[in-house]
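**Student:** next comes the sequence, and after it the predicted model I'd like to discuss.
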Amino acid sequence: MKAAVYYETGPPSVFKYEDVPDPACPPGGVLIDVEAISIEGGDTLNRAGGAMVAEPHIVGYQCAGTIREIAPDVTDRAAGDRVVAVMPFGSHAAMVAVPANATWLLPDGMDIQQAATIPVPFGTADDCLFEFGKLQAGETVLIQAGAGGVGLAAIQLAKRAGATVLATASSDERLERLKEFGLDHGINYKTGDFVAEARALTNGQGVDLVVDSVGGRTLQGSLESLRYRGRAISVGSAGRDGTKPDLGALSAGNRSLTGVFLGAELALQPDRARAIIANHIADVAAGKLRAVVDRSFPLSEAAGAHAYIESRQAFGRVVLVP
């Protein structure tokens with residue numbers, strides 16, 4: 001099969017488009033012909049400097065396609081089923097082999113590229129807001145990087161839950177687009193001080209909850225944006241500036257900071273996490289939520305797709321097509 005691989009971590013140019021051995025269907029697993037690959041934030045971080053389990057390494061957390069083969073002990077999937085799957089690595093390829101319980105069946109007629117973008121962003125956003133963020137109707141939430149995959153999911157879910165939604169983005173144009181997803185107040189972090197603006201929008205009190213997928217200096221500002229007894233959720237570190245937040249302000253205001261990783265929930269609380277993701281897939285299929293695909297690239301152009309993501313131009317997810 002064809003795959004986008006690399007032999008060393010680094011910039012997007014490390015990708016090579018090569019023939020690699022087809023994966024084998026494992027016990028309890030399924031073999032999928034991949035039709036759409038969602039590039040997740042962790043994919044770019046891994047390619048830039050993460051762990052490599054093999055040489056060459058195939059990166060990637062998430063993809064969708066059609067099941068080609070099932071293991072003899074799998075009873076709830078069949079060849080021909082359309083599914084979306086998550087995995088620790090390997091999605092940037094024409095075929096993947098994953099455990100059957102790492103897949104979700106897709107409703108008839110669902111757009112395969114949209115489906116490929118749902119589990120990680122929507123599952124992560126849900127956990128950040130509700131399971132760990134304890135968001136309640138009437139509260140105010142600040143979502144960093146609102147135009148990213150997790151940000152767009154979080155805006156929609158928070159608004160649906162009855163919260164007042166603030167979000168940051170890099171341009172007024174992107175903030176204007178976010179209004180159709182439920183944004184109440186946009187903050188351009190390029191031109192303003194998001195801490196000051198968040199406090200001004202809450203009458204000087206600060207927000208109840210922050211969902212921060214950036215980290216570094218941004219996470220420090222997120223902590224400073226909290227009201228008394230406010231909660232901050234850190235999920236990922238896209239900023240990569242190496243800044244360590246000063247946690248002293250937490251105790252002074254009885255505030256909290258929680259780190260969230262959806263992969264741990266899928267491994268250790270699989271029934272809960274899988275059910276939440278299944279509900280989001282159904283809601284996207286029914287038009288109750290929107291999964292946004294900014295653009296697609298051929299798998300052979302994985303380097304260009306990763307470079308485009310790192311240029312911070314994307315609104316939503318970028319998809320690769322084998």
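**Tutor:** The structure has been received and is ready for your questions. Remember, it's a predicted structure, so these values are computed and weren't measured experimentally. Residues are numbered from 1 along each chain as shown.

**Student:** and for residue 21, the neighbour number?
**Tutor:** 7 (other C-beta atoms under 10 Å). Bear in mind the C-beta positions are built from the backbone N, C-alpha and C, glycine included.

**Student:** what's near enough to touch it?
**Tutor:** With contact taken as C-beta atoms under 8 Å, 6 or more residues apart in numbering, residue 21 is in contact with residue 1.

**Student:** distance of it from residue 1?
**Tutor:** According to C-beta to C-beta, to the nearest Å, residue 21 and residue 1 sit 8 Å apart.

**Student:** swap in residue 24?
**Tutor:** On the measure of C-beta to C-beta, residue 24 and residue 1 end up 12 Å apart.

**Student:** these two: which is more packed in?
**Tutor:** Neighbour count, other C-beta under 10 Å: between residue 24 and residue 1, residue 1 has more, with 15 against 10.

**Student:** for the one helix or strand residue 200 maps to, packing partners?
**Tutor:** Assessed by DSSP states H and E, residue 200 sits inside helix 194-201. Counting contacts by 3 or more C-beta pairs under 8 Å, 6 or more residues apart in numbering; DSSP states H and E, helix 194-201 is packed against strand 140-143, strand 164-169, strand 185-188, helix 216-224.

**Student:** if I pick the closest residue to residue 186 other than its chain neighbours, what's in contact with it?
**Tutor:** In this structure, residue 186 finds its nearest non-sequential neighbour in residue 175, 3.1 Å apart by C-beta to C-beta, 6 or more residues apart in numbering. By C-beta under 8 Å, 6+ apart, the contact list for residue 175 reads 146, 167, 169, 183, 186-188.

**Student:** rewinding a little: now for the very next helix or strand once past the helix holding residue 200, which elements pack on it?
**Tutor:** Following the chain from helix 194-201 toward its C-terminal end, the next helix or strand by DSSP H and E is strand 207-212. Other helices and strands packing on strand 207-212, by 3+ C-beta pairs under 8 Å, 6+ apart, are strand 140-143, helix 149-160, helix 216-224, strand 226-234.

**Student:** and strand 207-212, average pLDDT?
**Tutor:** For strand 207-212, mean pLDDT is 98.

**Student:** what are the pairing partners of it, and which direction each?
**Tutor:** For strand 207-212, the pairing partners within the sheet under DSSP bridges are strand 140-143 (parallel), strand 226-234 (parallel).

**Student:** okay, buried residues for it please.
**Tutor:** When neighbours are counted by 16 or more other C-beta atoms under 10 Å, the buried residues of strand 207-212 are found to be 207-212.

**Student:** quick check: the two most widely separated of those?
**Tutor:** Using C-beta to C-beta, the two most remote members of the buried residues of strand 207-212 are 208 and 212, lying 14.0 Å apart.

**Student:** tell me the SS of the nearest residue to residue 170 once chain neighbours are set aside?
**Tutor:** When the adjacent residues along the chain are set aside, residue 170 lies closest to residue 190, with 5.2 Å between them (C-beta to C-beta, 6+ apart). Going by DSSP: H, G, I helix; E, B strand; the rest coil, the secondary structure assigned to residue 190 is coil.

**Student:** show the pLDDT at residue 190.
**Tutor:** Looking at residue 190, its pLDDT is 90.

**Student:** how about residue 238?
**Tutor:** If you check residue 238, the pLDDT there is 59.

**Student:** could you do residue 251 as well?
**Tutor:** Confidence per residue is given as pLDDT, and for residue 251 that number is 89.

**Student:** least trustworthy helix or strand in the chain by mean pLDDT?
**Tutor:** Counting by mean pLDDT, DSSP states H and E, the chain has its least confident helix or strand at helix 248-252, which shows a mean of 85.

**Student:** now it: buried residues?
**Tutor:** Judged by neighbour count (16+ other C-beta under 10 Å), helix 248-252 contains these buried residues: residue 250.

**Student:** repeat for stretch 255-265
**Tutor:** Going by neighbour count (16+ other C-beta under 10 Å), the buried part of stretch 255-265 is 255-257, 260, 262-263, 265.

**Student:** of those residues, which is the nearest to residue 110?
**Tutor:** residue 262 (21.2 Å).

**Student:** count of neighbours near residue 101?
**Tutor:** Residue 101 sits with 16 neighbouring residues when counted by other C-beta under 10 Å.
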